[in-house]
Each structure stands twice: as C-alpha cells, then as structure tokens.
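Engineer: turn this into a model:
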Amino acid sequence: MALIKTCRGKTPVHGNDCWFAENTTIVGDVAMGDQCSVWFNAVIRGDVNSIEMGNKVNVQDGAVIHCTFEKTKTVLGNNVSIGHNALVHGCTVEDNVLIGMGSIVMDDCYIESGSIIAAGAVLLEGTRVEAGSIYAGVPAKKVKEISPELFEGEVMRIANNYVKYSGWFKE
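Structural biologist: Residues are numbered from 1 along each chain as shown. Presented below is the predicted three-dimensional model:
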C-alpha cells in the first residue's frame with residue numbers, strides 16, 4: 001500500500017478512481033482530483049506548502065512534486081502527465097500538458113495549456129511557457145508550436161493511456 005502520511009495536521013486527499021503504486025509516497029497538504037495515478041517510487045511532498053492536482057493527472061515512476069516553504073505552492077491542472085524522473089517544484093501547470101522524462105520545472109514557472117516540456121528540459125525559475133508550444137533544452141526555450149496531431153498523439157494520448165494503465169492494477 002502507498003505511504004500516505006499526515007504532516008503538520010494535513011492529510012492528502014484524492015478523488016474517485018485514483019491509483020497509487022505500493023511504494024509511492026504522498027505527504028501532507030496534497031489534494032488531487034479523479035482518475036489520478038501515482039506510479040512506482042514517485043514522491044508528492046506537500047509538507048512545506050500545498051500541492052493541488054486536477055483530474056487525470058499521472059505522476060510517473062520516480063517523479064518528485066514539491067514546493068517551497070512559505071513561498072511557492074504547486075498547482076497542476078487536468079490531463080497533466082509528469083514523465084518518469086521529472087522534478088516539478090513550486091510552479092503552476094495548466095490543463096493538457098506533458099512534462100517529459102527527466103525534466104526539471106523550477107519555482108514560479110507557469111506552463112500554459114496544451115504545451116510539452118521535452119525530456120531533459122530545464123525550466124529555470126520564473127519561466128513562462130506559451131500555450132500550445134514545445135520547450136526544450138537547458139535552459140529550456142521555445143522550439144516550436146504543437147501541431148493538432150502532436151497534441152492528440154502525445155499530450156492527450158498519454159493522459160488517457162495512464163488512466164487505462166492504472167486500471168490494469170485495479171483488477
């Protein structure tokens with residue numbers, strides 16, 4: 001069973017039809033919507049500030065979501081995919097976003113809807129990602145606009161697939 005732990009009087013809460021891997025850790029002031037999944041070795045630490053997650057958010061293996069004490073909380077919209085080993089820290093992510101494997105999103109970043117953060121990208125503190133764009137590199141910069149095919153084929157496909165994948169573990 002996942003480690004779900006109260007901290008500073010706050011206990012994580014979640015909506016309906018969520019799934020958490022046995023070695024997931026979810027701590028403190030964390031609120032997530034329906035059909036979320038948190039995968040193996042992922043950590044969501046709402047110990048120093050709040051973490052809010054919408055519906056159909058998937059936090060893949062080894063990812064870490066955290067924030068900064070008395071400074072930045074983390075807010076994730078609906079249909080957000082956090083790739084394997086990504087670090088998402090004290091930022092806002094709107095709906096329908098893919099944050100690639102091994103990427104880093106620092107404090108006060110704002111990722112607008114329909115965007116992709118490429119694998120291994122590093123968004124420096126305070127970066128604003130334009131809606132419908134792909135950011136890549138270190139530090140991350142806009143590399144192109146997202147085509148409708150890429151949006152459906154990656155951002156939406158991955159969010160929907162992780163709802164399906166989590167269902168395999170609920171059987």
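Engineer: which residues sit against stretch 133-151?
Structural biologist: 96, 103, 114-118, 120-124, 127, 129-130, 132, 155 (CB atoms under 8 Å, 6 or more residues apart in numbering). From N, CA and C alone the C-beta is placed, and that goes for glycine too.
Engineer: hmm, which of these are the buried ones?
Structural biologist: Taking 16 or more other CB atoms under 10 Å as the criterion, what is buried in the contacts of stretch 133-151 is 96, 103, 114-118, 120-123, 127, 129, 132, 155.
Engineer: does V163 touch N55 like I think?
Structural biologist: No: using CB atoms under 8 Å as the test, V163 is too far from N55 to be in contact (9.6 Å).
Engineer: can you pull the residues that touch both of those two?
Structural biologist: Joint contacts of V163 and N55 (CB under 8 Å, 6+ apart) are Q35.
Engineer: please name the residues that touch I26.
Structural biologist: If you count contacts by CB under 8 Å, 6+ apart, then I26 has 2-5, 12, 20, 38, 43-44, 46 around it.
Engineer: so which elements touch the biggest strand by length in the chain?
Structural biologist: Ranked by residue count and defined by DSSP state E, the top strand of the chain is strand 43-53. Contacts defined by 3 or more CB pairs under 8 Å, 6 or more residues apart in numbering; DSSP states H and E place strand 43-53 against strand 25-32, strand 64-66, strand 74-76.
Engineer: what strands line up against it, and which way round?
Structural biologist: strand 25-32 (parallel), strand 64-66 (parallel), strand 74-76 (parallel) (DSSP bridges).
Engineer: comparing the ones you listed, which comes out most buried?
Structural biologist: Comparing the strands paired with strand 43-53 by mean neighbour count (mean count of other CB atoms under 10 Å), strand 74-76 ranks first with a mean of 24.
Engineer: for the record, mean pLDDT for that one?
Structural biologist: Over the span of strand 74-76, the pLDDT mean works out to 98.
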